[in-house]
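>>> Got a predicted structure here, sequence first:
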Amino acid sequence: MAKRKTKLQLLQQTGPSEKPRQSAQSVREDFLNYLRGECHLADNTVSAYGRDLTRFIEWLGERRLDAIRVGDLTDFMACLLDSKLAPASVSRAVVAVRTFFKYLQLEGIVTENPAELLAAQKLWQRVPGVLTRRQVDAFLDAPRKIDTFWQRDKAMLEVLYATGCRASEVCTLRLQDLSLDQKYLKCTGKGGKQRMVPIGCKAIEAIKFYCETLRDELAVKRDHQHNELFLSRNGRPLDRIQLWRLVKFYARRAGIESDISPHSLRHSFATHLLAGGADLRQVQEMLGHASIQTTQIYTHVEHSRLKKVHQQFHPRA
């Protein structure tokens, strides 16, 4: 009995064995791998979270993760605001830190989650920039035969506006994703989610013309041929930076002075559909939005329909 008592006392004195403490940087890498492998987040989202956590770890310094309290996290957010980060970037950093601490709690690295009490500042919803229909026509007609790859550029711009796809989705479109006879294409969005998107006749004509006249010529410039639809001058898939530059170039040529980007065509696509009477849920599905709230921002952009309804039905319009 005495011997047993001594062992019990020994256990009480020593306590359970502790895990070796990991550095914040190594935990960061494990967390990003968790986001990729188990949460299946898009690469761009993982990269953004990685940048936010790099700032957090630099601010953390020698402090231990399990010693952080909500007051410390509030100080970190204040530092971000002092560094003149945009409100959207600060709010994303809040989400990144919250998700990071949930992971730490899941792994047993921390016992309490102070980030649960962390409040993000409320963002003003920014109304997205939208092109008028006349501007869209001028923009889509901007590629000319004097341009080296005008067939590709014309098809690319038509696809951006016809489908409302994101720049990354257009860059990763493959030949096998096209169902032009059925007037559909399959695109891969955030988190690897796939959806079928309708495509109009003008975009289909532009794609067919590009494939018949130029794409094979670009494809043979490399030993290993890529299946992506839009190729660069060296036969590699067109990337988002190249696409962004082309959109800027053709916007200037079309005389569009507002700050336009590939996302402007996505905004215009959604706004013009809603103005034409499309159902909000259908637009949500075409855009690949997970939440209807994300799509609802476009209802604040196009007021012409509301004016028409008001004039038609209000007795004193």
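In hand now; what should we look at? Numbering: from 1, shown residues only.
>>> Tell me which residues of the longest helix seen in the chain come out buried.
Counting residues, the longest helix found in the chain (DSSP state H) is helix 87-106. Going by neighbour count (16 or more other CB atoms under 10 Å), the buried part of helix 87-106 is 89-101, 103-104. C-beta here means a position set from N, CA and C on the backbone, and glycine is covered the same way.
>>> Please identify the helix or strand for V46.
Using DSSP states H and E, V46 maps to helix 43-60.
>>> tilt between that helix and helix 87-106?
80 degrees (axes from the mean of the first three to the mean of the last three CA atoms, to 10 degrees).
>>> What's the mean pLDDT across helix 43-60?
Helix 43-60 carries an average pLDDT of 89.
>>> helices and strands around the next helix or strand after the longest helix of the chain, which ones?
Counting by DSSP H and E, the next helix or strand C-terminal to helix 87-106 is helix 133-140. Packed against helix 133-140, as judged by 3 or more CB pairs under 8 Å, 6 or more residues apart in numbering; DSSP states H and E, are the following elements: helix 150-163, helix 262-275.
>>> Distance from the chain centre to the last one, please.
Averaged C-alpha coordinates place helix 262-275 at 16 Å from its chain's average position (CA atoms, centre = their mean, to the nearest Å).
>>> what inclination does it have with respect to helix 133-140?
140 degrees.
>>> repeat for the first one
If you take the same axes, to 10 degrees, helix 150-163 sits at 150 degrees to helix 133-140.
>>> Lowest mean pLDDT among the helices and strands, pick that one out for the protein.
helix 2-14 (a mean of 43; mean pLDDT, DSSP states H and E).
>>> how about the strands of the stretch 151-300 of the chain, start to end?
Using DSSP state E, counting those that start in this stretch, the strands of the stretch 151-300 of the chain run over residues 178-179, 184-188, 194-198.
>>> from those, which stretch is densest packed?
Stretch with highest mean neighbour count among those: strand 184-188 (a mean of 19; mean count of other CB atoms under 10 Å).
>>> residues in contact with that strand?
The contact list for strand 184-188 (CB atoms under 8 Å, 6 or more residues apart in numbering) reads 159, 163, 165, 169-170, 172-173, 177-179, 194-199, 288.
>>> same check, this time on stretch 56-68
21, 24-25, 27-28, 72, 76, 79, 93, 96-97, 100, 104, 109-111, 114.
>>> Could you tell me which of these count as buried?
Members of those classed as buried by 16+ other CB under 10 Å are A24, V27, R28, F76, A93, A96, V97, F100, L104, I109, V110, P114.
>>> Checking my notes, the fourth one in a strand, right?
Going back to what we said before, that points to F76. No: judged by DSSP: H, G, I helix; E, B strand; the rest coil, F76 forms no part of a strand; its state is helix.
>>> mind showing which ranges of this structure have poor pLDDT?
1-22, 119-128, 223-224, 299-310, 314, 317 (pLDDT under 70).
>>> hang on, the earlier thing: for the helices and strands packed on helix 133-140, which one sits closest to L32?
L32 lies closest, by CB to CB, to one member of the helices and strands packed on helix 133-140: helix 262-275, at 25.1 Å.
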